[in-house]
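Q: Any chance you can model this:
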Amino acid sequence: MSPLLSKEKLSGLSAKRSFRRCWRSLDYQLAKRFPHELSGGQQTRVALARALAIKPALVLLDEPFSALDQALRGEISAEVVALLKESKTTALMVTHDREDALVSADVIAVMRKGSVVQYGSPAEIYLNPISADVAESTGDVVTIPAHKVSNSEVISPLHNVGASRARVDLEGLMLIRPEEILISRVEDSKGVRAKITKINYYGHDALIDLSIEGVSTPVRARVAGPESYSVGENVFAHYEGPFRYFVEP
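A: Presented below is the predicted three-dimensional model:
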């Protein structure tokens with residue numbers, strides 16, 4: 001008998017079928033080990049397999065990947081999601097890691113002070129947050145001052161776009177994702193002048209801090225790597241993305 005699960009825990013079920021279902025999703029060698037002999041990723045796999053062995057209606061995953069290093073987290077997360085889908089098991093995952101939530105979930109519920117403040121698909125939550133707080137909890141955000149001057153126009157240091165949220169003639173904030181800020185060395189009618197003040201290079205992409213007139217803090221743009229810009233270079237920046245305007249509290 002495996003040291004990881006005993007027959008007594010499966011009372012009322014067919015132990016043989018349950019064990020087959022449990023270990024089918026694992027490397028069989030894991031079934032022969034004790035918990036202290038397993039790595040963090042292996043412990044996560046085994047814990048989920050044990051939970052699914054009794055065919056539960058719902059599985060609670062409480063920060064399931066928090067103890068794993070970044071390289072292993074993506075691999076284990078994909079395995080867990082695949083196993084849950086294969087077994088047609090509903091899972092409720094509690095996490096503070098926004099990437100875990102966006103990658104793993106079919107539906108996200110954002111909670112504040114014990115209440116759900118927004119509910120929807122990962123794309124809905126990411127692209128159309130109901131507040132600045134929700135936007136910041138689901139991804140990097142660029143905040144710039146904006147002024148709504150009519151029911152169809154908002155003015156900011158970065159762009160003029162149509163508006164549909166908030167009341168007329170109020171100071172507010174535009175919330176922009178870094179990947180929605182496009183930069184170029186070629187001037188166009190949409191762009192504003194900007195100066196590169198910092199570059200954080202990550203290999204697959206880079207985050208570039210821009211100094212733009214009228215914005216007191218750096219405006220951060222994400223570009224695909226390898227980047228070809230340099231600190232101190234003058235460029236043109238413009239915004240292309242969904243509209244997010246919020247009145248300042």
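
Q: from here on, contacts and neighbour counts on C-alpha atoms
A: Will do.

Q: List of residues touching the longest helix seen in the chain?
A: Ranked by residue count and defined by DSSP state H, the top helix of the chain is helix 70-87. For helix 70-87, contacts defined as C-alpha atoms under 8 Å, 6 or more residues apart in numbering pick out 25, 41, 44-45, 48, 52, 65, 90-91, 100, 104.

Q: chain center to it: distance?
A: 16 Å (C-alpha atoms, centre = their mean, to the nearest Å).

Q: Mind checking what helix or strand follows that helix in sequence?
A: Counting by DSSP states H and E, the next helix or strand C-terminal to helix 70-87 is strand 90-94.

Q: just checking, what packs against that next one?
A: strand 58-62 (3 or more C-alpha pairs under 8 Å, 6 or more residues apart in numbering; DSSP states H and E).

Q: Give me the contacts around the strand it packs on.
A: Residues outside strand 58-62 that contact it (C-alpha under 8 Å, 6+ apart): 51-52, 89-95.

Q: and the residues you listed, which are buried?
A: When the contacts of strand 58-62 are checked for burial by 16 or more other C-alpha atoms under 10 Å, the buried set is 52, 91, 93.

Q: got a markdown table for the residues you listed, with distance to L127 and pLDDT too?
A: Compiled in a markdown table, the buried ones among the contacts of strand 58-62 are given as follows (distance: C-alpha to C-alpha, whole Å; pLDDT from 0 to 100):
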| residue | distance to L127 | pLDDT |
| --- | --- | --- |
| L52 | 34 | 77 |
| A91 | 24 | 92 |
| M93 | 21 | 92 |
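
Q: Can I get the residues you listed in CSV including distance to R220?
A: Output for the buried ones among the contacts of strand 58-62, formatted as CSV (distance: C-alpha to C-alpha, whole Å):
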residue, distance to R220
L52, 43
A91, 35
M93, 31
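
Q: re earlier: among the contacts of strand 58-62, which pair sits farthest apart?
A: The distance between the two most remote of these (C-alpha to C-alpha) is 20.2 Å, for L52 and T95.

Q: ok, the residue nearest to I176 when sequence neighbours are not counted to M174 distance?
A: Nearest residue to I176, sequence neighbours excluded (C-alpha to C-alpha, 6 or more residues apart in numbering): V142, at 4.9 Å. For V142, the distance to M174 (C-alpha to C-alpha, to the nearest Å) stands at 8 Å.

Q: Over to E187?
A: E187 sits 23 Å away from M174, going by C-alpha to C-alpha.

Q: and the two? which has more neighbours close in?
A: Neighbour count, other C-alpha atoms under 10 Å: between E187 and M174, M174 has more, with 21 against 13.

Q: Excluding residues flanking it in the chain, which one is nearest that one?
A: Spatial nearest neighbour of M174, excluding adjacent residues (C-alpha to C-alpha, 6+ apart): Y245 at 4.7 Å.

Q: Run a quick neighbour tally on that neighbour.
A: By other C-alpha under 10 Å, the residues close to Y245 number 26.

Q: any idea how far it is from N128?
A: Distance of Y245 to N128, computed by C-alpha to C-alpha: 11 Å.

Q: which residues does the residue nearest to I176 contact?
A: Residues near V142 by C-alpha under 8 Å, 6+ apart: 174-178, 219-220.

Q: Apply 7 Å and report the result again.
A: The contact partners of V142, by C-alpha atoms under 7 Å, 6 or more residues apart in numbering, come to 175-178, 219-220.

Q: All set now, cheers.
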